[in-house]
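Trainee: Pasted the sequence and its predicted model underneath.
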Amino acid sequence: MKKNNQKLVIIIGMLIILSSIIFYVGQFLFSVKRTPDQSNLNSTVIPNSEIDSKQPFPVEYKQVSAKINGHKQEIFTLEFDPLDKRIEFKPVLSYDNVFGFEKMTDICKRTGAYAVINGGFFYEYGDPVGMVTIDGNVFMASTGYDPVLIIDKKGANFKKVISQLSFFINSGKTTINKLNRIGQDGNIVLYTSDYGSTNRAKIKNTSVRVENSIVTYITRDTMEVPLKKDSYLISFFGEESLLPNKLGIKEGDKINIEIKPQFDGKYQAYECGSLLVKDGISVVPDKDRWVGSLKNRDPRTAIGIKEDGRVVLIVVDGRQPDYSSGFTGDELANYLIQMGVKDAAMLDGGATSQMLVDGSLKNKPSYRGIERPVAGAFIVKVN
């Protein structure tokens, strides 16, 4: 009996010793720090050389509170290089149509833009007053009066643009008076589906539909004519309504439409207001044909281009003396020149002057500080 008890004690003792050995070995083995299994991670290890070369964010946003000529001013600016491959800078229209108004917050959401500022001037129903081209698609022709901002593979610059529209049939050339405008007696107007569902005609006209350079439809002595996607409609109003018969235009004929000037690739174009700065010198007129006197202090929006090609977008709040008085035209031009701007032009101002950055309204619009729907805007996307 004693022998059996002694054996049992020995066995238990050996088990205790063996357990201790396993415990301490396990502690040693599992206390070693291990890196995660890289095969189970979705991230990619980036070499240090690539991390070190990472570029800064390509858009510089600033808000400046200043006292200029004895007046408080709140100034908001965006600056970037339009040739930076991470940047997409272009105009947009409300709902991507000629007519209508849209909040900039909604424009920001649907386009995925990092920043948005209000665009230029417009008529009662939101149709822009001057040239608009987006990704090479010409929405409106130029007036020939005001500077047009061109954005192409060479960068951004202002040009004097005079649009020329015409069509060719049977070796003859006929001038088109307008693009996507309300037709008046004696007009020949070219329409695209960007104008809406019809040509909105208020007087009788003869209209010719052109698809892939072929006449597919002619309607005579009628009012509104439907527009069709991926096609043109040439409407001859009033006294010009007999011209298609005189030219012998019939269904199946080949007809070529020409819009000049054209620029390289999917360019952008937008007609601005008065030129403010040219070659680094203020050229502000006393009056702008859209806003009147530039001697008043008002909310302002403008676009400038520096010597190195960088673009400056500026919004200045106004009509709120305890907060921000606003700039005169001269003050706006001088401020831009101090920023190093070489050329600059006005955009729409007043209660329309607005800037959104990263999804939020940065300035305080003059109408109760609330956002005002716009007919068009400029967006800055960061890819």
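Mentor: Sure thing, it's come through.
Trainee: can you give me the helices in the stretch 1-150 of the chain?
Mentor: Using DSSP state H, counting those that start in this stretch, the helices of the stretch 1-150 of the chain run over 2-30, 48-52, 104-111.
Trainee: Compare the mean pLDDT across the ones you listed and name the weakest.
Mentor: Among the helices of the stretch 1-150 of the chain, helix 48-52 has the lowest mean pLDDT, at a mean of 36.
Trainee: Assess the claim that Pro365 and Ala351 are in contact.
Mentor: Yes. Because the distance of 5.5 Å satisfies Cβ atoms under 8 Å, Pro365 is recorded as touching Ala351. To be clear about C-beta, it is placed using only N, CA and C from the backbone, and glycine gets the same treatment.
Trainee: Neighbour count for these two, which is higher?
Mentor: Each of Pro365 and Ala351 had its neighbours counted (other Cβ atoms under 10 Å), and the higher figure belongs to Pro365 (23 against 19).
Trainee: which ones are touching Met131?
Mentor: For Met131, the set of contacting residues under the criterion of Cβ atoms under 8 Å, 6 or more residues apart in numbering consists of 138, 140-143, 148, 161, 163, 269-271.
Trainee: how does the protein divide into domains?
Mentor: Residue ranges for the domains of the chain, per automatic domain parsing: 60-131+272-382, 164-260.
Trainee: Just give the nearest non-adjacent residue to Ser241, would you?
Mentor: Leaving out its chain neighbours, the residue that sits closest to Ser241 by Cβ to Cβ, 6 or more residues apart in numbering is Thr206, at 4.4 Å.
Trainee: Would you mark the buried spots in the host helix or strand of that neighbour?
Mentor: Thr206 is located in strand 205-211, with elements delineated by DSSP states H and E. Across strand 205-211, burial judged by 16 or more other Cβ atoms under 10 Å covers 205-210.
Trainee: what's the most buried one of the domains of the chain?
Mentor: domain 60-131+272-382 (a mean of 19; mean count of other Cβ atoms under 10 Å).
Trainee: Tell me where the stretch 201-350 of the chain has strands.
Mentor: For the stretch 201-350 of the chain, applying DSSP state E, counting those that start in this stretch gives strands covering 205-211, 214-222, 232-237, 256-260, 268-271, 275-278, 281-282, 287-288, 292-293, 300-306, 311-316, 341-346.
Trainee: sorry, back to before: with distance to Ala156 added, can I get the domains of the chain in a markdown table?
Mentor: As requested, the domains of the chain are arranged in a markdown table below (distance: least, Cβ to Cβ, whole Å):
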| stretch | distance to Ala156 |
| --- | --- |
| domain 60-131+272-382 | 5 |
| domain 164-260 | 21 |
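Trainee: out of those domains, which comes closest to Asp152?
Mentor: domain 60-131+272-382 (9.4 Å; Cβ to Cβ).
Trainee: now the end-to-end length of that closest one.
Mentor: End-to-end distance of domain 60-131+272-382: 12 Å, with Cα to Cα, to the nearest Å as the criterion.
Trainee: And stretch 368-383, by the same measure?
Mentor: Stretch 368-383 has an end-to-end distance of 34 Å (criterion: Cα to Cα).
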